[in-house]
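Asker: Fold the following and give me the result.
(chains A and B)
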Amino acid sequence: MTSLRLCIRRAPVQEPDGPATAVTLRLPSDVDCIEEAVALLTYHCTTGARTSERLRFRLQVVLAEAIANAILRGNCEDAGKCVEVRAILVPTEVRLHVTDEGPGFDPATVPDPDTPMRLQEAHGRGLFLIRHLSDAVTFTPRGNSICITLRRQ
Amino acid sequence: MGFSETRQNGVVVVRADGQLIVGNRHELKDLVARRLAAADRRFVIDFANTGYIDSSGLGALVTMSKQVREHGGELRIAGLNDDLRALFELTKLDTLFTISDTAEQALAAF
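Answerer: Just a heads-up that it's a prediction; the model follows:
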């Protein structure tokens, strides 16, 4: 794992459903950053709150997938582009917004990978994992930002 | 994060120390390719010290398993925690791999 000294920010914010904490991290389009970014974000999303091992696992996988998609598919590993992760923390849930600087994509065009024909494919499981490990997933109209909601209970 | 290998009774046991993700999957693929080139045909990948695997890691396992099978061998999985086992079931990859609770059990079953 590359040591990149990723800088994370925490700040109080007001959400429609009440006060919240925003955790923000910007990282370069380098896959070697992902493990460190996931560890940092998972720590900040879970510290101070009762967190099950199951939620920690779901957080780690969906963060790894969303950041990898942003770096590889969105930014095409362009070193001049960044990925921004913003986590909104409320007592009942974690809302993750992962945004890249790419042109976006249409998530409806991504096929499910668990059909017999696709089972032996090396690619195509990322969005499937995000959808199945999250409580809600939405995209911006442009398709370059994903919002993932994980309930704490 | 890293991978270490040992050879026991003609089986290559690869221990993953940490996550298997997009940033390190080639390291594992290269290791298995080297052992295949050296005529090894039976593999156990031990994930007892792994917290999570991403879709690229799962894809790498599928690719390696295919390569090993093409050489007449088999790649088995061991040491998955409950969440990782659920991930294999969710993606139906539990139907592609023989999965054992421990590397020792995987070795004994070869």
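Asker: can you map out the helices along chain A?
Answerer: With DSSP state H as the criterion, chain A has helices at A:34-46, A:53-69, A:126-133.
Asker: so what's the nearest residue to A:Arg9 once chain neighbours are set aside scoring on pLDDT?
Answerer: Using C-beta to C-beta, 6 or more residues apart in numbering or on different chains and skipping the chain neighbours, the partner closest in space to A:Arg9 is A:Thr24 (4.7 Å). C-beta here means a position set from N, CA and C on the backbone, and glycine is covered the same way. Residue-level confidence at A:Thr24 comes out at 97, pLDDT.
Asker: nearest to A:Pro103, of the helices of chain A?
Answerer: helix A:53-69 (13.5 Å; C-beta to C-beta).
Asker: thinking again about what came up before, most tightly packed of the helices of chain A?
Answerer: Mean neighbours per residue, mean count of other C-beta atoms under 10 Å in any protein chain shown, is largest over the helices of chain A for helix A:53-69, with a mean of 23.
Asker: Distance from the chain centre to that helix, please.
Answerer: The chain centroid and the centroid of helix A:53-69 are separated by 7 Å, computed with C-alpha atoms, centre = their mean, to the nearest Å.
Asker: next one: stretch B:81-88
Answerer: 14 Å.
Asker: circling back: same list, the helices of chain A, but as a markdown table with distance to chain B and mean pLDDT please.
Answerer: Putting those into a markdown table (distance: least, C-beta to the nearest C-beta, whole Å; pLDDT from 0 to 100) gives the following:
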| stretch | distance to chain B | mean pLDDT |
| --- | --- | --- |
| helix A:34-46 | 6 | 95 |
| helix A:53-69 | 4 | 96 |
| helix A:126-133 | 4 | 94 |
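Asker: Need those helices in TSV (columns: distance to B:Thr91).
Answerer: As requested, those are exported to TSV (distance: least, C-beta to C-beta, whole Å):
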stretch	distance to B:Thr91
helix A:34-46	19
helix A:53-69	11
helix A:126-133	7
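Asker: low-scoring pLDDT stretches of chain B, where are they?
Answerer: Low-confidence segments of chain B (pLDDT under 70): B:1.
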